[in-house]
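fold the stuff below for me.
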Amino acid sequence: MDLFIKQLGQGEPLILLHGWGFSGEIWHDIAIKLAQNWRVYQVDLPGHGRSAECEYNLLQLTKQLTNNLPKNAIWIGWSLGGLLAMAVARWQADWVRNLILVAATPRFITDKDWLHAMTPVVFDNFAQQVQNNRIATLQRFLALQVKGSTDSQQQLHHLNSLIKNNPVQISALQGGLTILKNTDLRSELQAISCPSLLCLGENDKIVPVGIDKDCQQWWGSGLKTIIIPSASHIPFLSHPDIFISHVKGFLNATDS
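Next up, the predicted model:
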């Protein structure tokens, strides 16, 4: 089963993975800018946008991605997409030359030694609300993603338009939530050998900036972290020029 993948530009491959509830179109403006230097692959994850559904587990999704995307590429993953990109970098290392994680974490649920995340109770309540009233729950989730960010109302309007025009199958929403709840890649991080960048928003309510030090402890010296001031959970949307500058700076440094 193939994924819907939009390709832009020429040059070395660069892959963009979106987060839960969206499609590759959330990267539209960023993809156009990155396509000036790279061949960009703008992916709709299974059940999102124009991609067909598939079985939703981490192994199956990583197989879907590697079956449809080139080896030795730059991978940029946001939120759920970042978790998937980590998994590919860990178990399919030939596919990932550089890894850029945006508002992403190896574990989205709290633990006794992992405090900067969502509690299981809050997460389960959210998952139940998705089941009971998908539209209203998505609206609240969108508002949470931009809370504390520059131009939050403008972003919220844009996100609402993206959700309306690029619908997501309920099975994909539920499957994505199951992955976010059950996946813990912390013990795998030190096995990721490619140059890696973690980009966080200063005011993110979903992946708090405290995750920076937590990830450094598990990852080791192979991870660089940057925090974008006044940004929330979608820093590439609220601060696109700053985000692009960090991406290019990181990639130029690792290629030199």
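
how about the helices in the stretch 151-256 of the chain?
Taking DSSP state H, counting those that start in this stretch to define them, one finds helices in the stretch 151-256 of the chain at 152-165, 170-182, 211-219, 235-238, 240-255.

tell me which of those helices sits most buried.
Counting by mean count of other C-beta atoms under 10 Å, helix 235-238 has the highest mean neighbour count of those, with a mean of 25. The way it works is simple: take the backbone N, C-alpha and C, and place the C-beta from them, glycine included.

export it as CSV, just CAs?
C-alpha atoms of helix 235-238 as CSV (Å, rounded to 0.1, in the frame of the first residue of the first chain):
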residue,chain,number,x,y,z
PRO,A,235,7.4,26.4,16.0
PHE,A,236,7.8,26.0,12.2
LEU,A,237,4.3,27.5,11.8
SER,A,238,4.7,30.4,14.3
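
which secondary structure elements does it contact?
Counting contacts by 3 or more C-beta pairs under 8 Å, 6 or more residues apart in numbering; DSSP states H and E, helix 235-238 packs against helix 152-165, strand 196-201, helix 240-255.

and H239, how far is that from L84?
23 Å (C-beta to C-beta, to the nearest Å).

more neighbours: which of these two?
L84 (26 against 21; other C-beta atoms under 10 Å).

OK, contacts around the more buried one?
17, 45, 58, 61-62, 65, 77 (C-beta atoms under 8 Å, 6 or more residues apart in numbering).

check L115 too.
210, 214.

wait, which of the helices of the stretch 151-256 of the chain is closest to N72?
N72 lies closest to helix 240-255 among the helices of the stretch 151-256 of the chain, at 12.5 Å (C-beta to C-beta).

counting by contacts, list what the closest one packs against.
Using 3+ C-beta pairs under 8 Å, 6+ apart, helix 240-255 is in contact with helix 28-34, strand 96-102, strand 196-201, strand 223-228, helix 235-238.

out of those, nearest to P208?
strand 196-201 (8.2 Å).

how far out from the middle of the chain is that closest one?
Its chain's C-alpha centre and that of strand 196-201 lie 11 Å apart, by C-alpha atoms, centre = their mean, to the nearest Å.

in the protein, what secondary structure element scores lowest on mean pLDDT?
When the helices and strands of the chain are compared on mean pLDDT, DSSP states H and E, helix 134-146 comes out lowest with a mean of 89.

which secondary structure elements does that one contact?
Counting by 3+ C-beta pairs under 8 Å, 6+ apart, helix 134-146 packs on helix 120-132, helix 152-165.

from A31, how far out is N72?
Distance, N72 to A31, by C-beta to C-beta: 20 Å.

show me where pLDDT drops low in this structure?
Scanning the chain for pLDDT under 70 picks out the ranges 1, 256.

wouldn't L80 be in contact with G176 here?
Yes. Using C-beta atoms under 8 Å, L80 makes contact with G176 at a distance of 5.6 Å.
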